[in-house]
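>>> attaching a predicted model along with its sequence, questions to come.
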Amino acid sequence: MKNNRVKFSVVYAVAFLLLGVFFFVFREEHICVWPKEPEYNPPRIYTDSREEGFSTAEFFESDSAVALRIVLNSGIYHPHAGVEFPMGRGMNALSLHGVDFSNMDSVIIRFRASSDIALVLGVTDPVASHIGDPLSLRPLRLDIPATRYYTEHRLSLAKIRPNKIWFDIHGVEPDSNLYMNHVVQVAVETGRGTLLGLPSEIEISHLEFFGPNRFVIGTSLVLFILFTGLYILGMIRYGRKKQR
């Protein structure tokens, strides 16, 4: 009987160890934007010229990084330029369905830049967004301080907010809805403090979003309760048999 009790304890310990490995390996889900994934279209440059601005930009891409050389010029309310990463491929890139980011709670970005940058998620607005019109996507903005040397940052998405100016332009009543379940594109663009008329640079070597895998977390919790309950029940039954 004692050997059976030891075997039962060993089985529980092994099951607990395997469950722990499963949890720690799969507890997070991620969406990698760069280095580029085959299911997404290649990144593309954009400037405020599509809003009748006069900023210019050059785009360089390698296997390890994307780089921008930008000159912002006055002419519109908010001169800007950046790089867009479509969250789709082929005709799917034109869809307003996008990718579900609702589980994502943080972003890792490794970059260097001569001035502050902004991470912008273009999400589908149920009122204003139209297929083929990137300016109609609701922009969710997260400002990131400049770093002149390659530095990796892990940032919470809790501070990401809709761009207030967008509501005025499109005549939409301002609200705080994020619509993270329909992210059509991810962009990195010039941020606060970028000087007009002077060249600025942005280089990105890694951009990835992370969030809890709720299915794995829930499954692990259920299995832990089940294994522990069976182990306790077995020990109780063994103790009763021993008393007899």
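Thanks, I have it.
>>> mind checking the SS state of the residue nearest the centre of the chain?
Note on the chain: the residue nearest the mean C-alpha position is F209, at 2.8 Å, using C-alpha atoms, centre = their mean. At F209 the chain is in strand, as set by DSSP: H, G, I helix; E, B strand; the rest coil.
>>> I'd say K164 and E173 touch.
No: using C-beta atoms under 8 Å, K164 makes no contact with E173, being 12.0 Å away. Bear in mind the C-beta positions are built from the backbone N, C-alpha and C, glycine included.
>>> buried residues in stretch 191-207?
For stretch 191-207, burial by neighbour count (16 or more other C-beta atoms under 10 Å) applies to 191, 194, 200, 202-207.
>>> max pairwise distance over the residues you listed: which two?
The largest distance within the buried residues of stretch 191-207, taken as C-beta to C-beta, falls between T194 and H206 and amounts to 22.1 Å.
>>> count the residues that sit near F16.
F16: 15 surrounding residues under other C-beta atoms under 10 Å.
>>> contacts only, for it.
Taking C-beta atoms under 8 Å, 6 or more residues apart in numbering as the criterion, F16 is in contact with 224, 227.
>>> where does it fall, secondary structure wise?
Here F16, judged by DSSP states H and E, is contained in helix 2-26.
>>> in that helix, what counts as buried?
12, 15, 19, 23.
>>> now the last one: how far from N213?
Noted for F23: a distance of 9 Å to N213, by C-beta to C-beta, to the nearest Å.
>>> domains of the protein?
2-26+216-243, 30-211 (automatic domain parsing).
>>> now these in TSV, with mean pLDDT?
Putting those into TSV (pLDDT from 0 to 100) gives the following:
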stretch	mean pLDDT
domain 2-26+216-243	80
domain 30-211	90
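>>> mind listing what's buried along stretch 166-177?
Result for stretch 166-177 [16+ other C-beta under 10 Å]: buried residues 166-167.
>>> quick one, what contacts T190?
T190 neighbours (C-beta under 8 Å, 6+ apart): 70, 72, 79-82, 115-118, 200, 202.
>>> packing partners of the helix or strand that L221 is a member of?
Taking DSSP H and E as the definition, L221 sits inside helix 214-243. Applying 3 or more C-beta pairs under 8 Å, 6 or more residues apart in numbering; DSSP states H and E, one finds that helix 214-243 contacts helix 2-26.
>>> mind checking how far the helix it packs on is from the chain centre?
How far helix 2-26 lies from its chain's middle: 34 Å, per C-alpha atoms, centre = their mean, to the nearest Å.
>>> and the angle from it to helix 214-243?
170 degrees (axes from the mean of the first three to the mean of the last three C-alpha atoms, to 10 degrees).
>>> next SSE after helix 2-26?
Next along the chain from helix 2-26, counting by DSSP H and E, comes strand 28-34.
>>> which helix or strand lies directly C-terminal to that next one?
That would be, after strand 28-34 and using DSSP H and E, strand 44-47.
>>> which helices and strands sit right next to that next one?
Using 3+ C-beta pairs under 8 Å, 6+ apart, strand 44-47 sits against strand 56-61, strand 81-86.
>>> tell me which of these lies nearest to M235.
strand 81-86 (54.1 Å).
>>> name the residues that touch stretch 44-52?
53-59, 68, 70, 75-76, 78-84, 86, 134-135, 187, 189.
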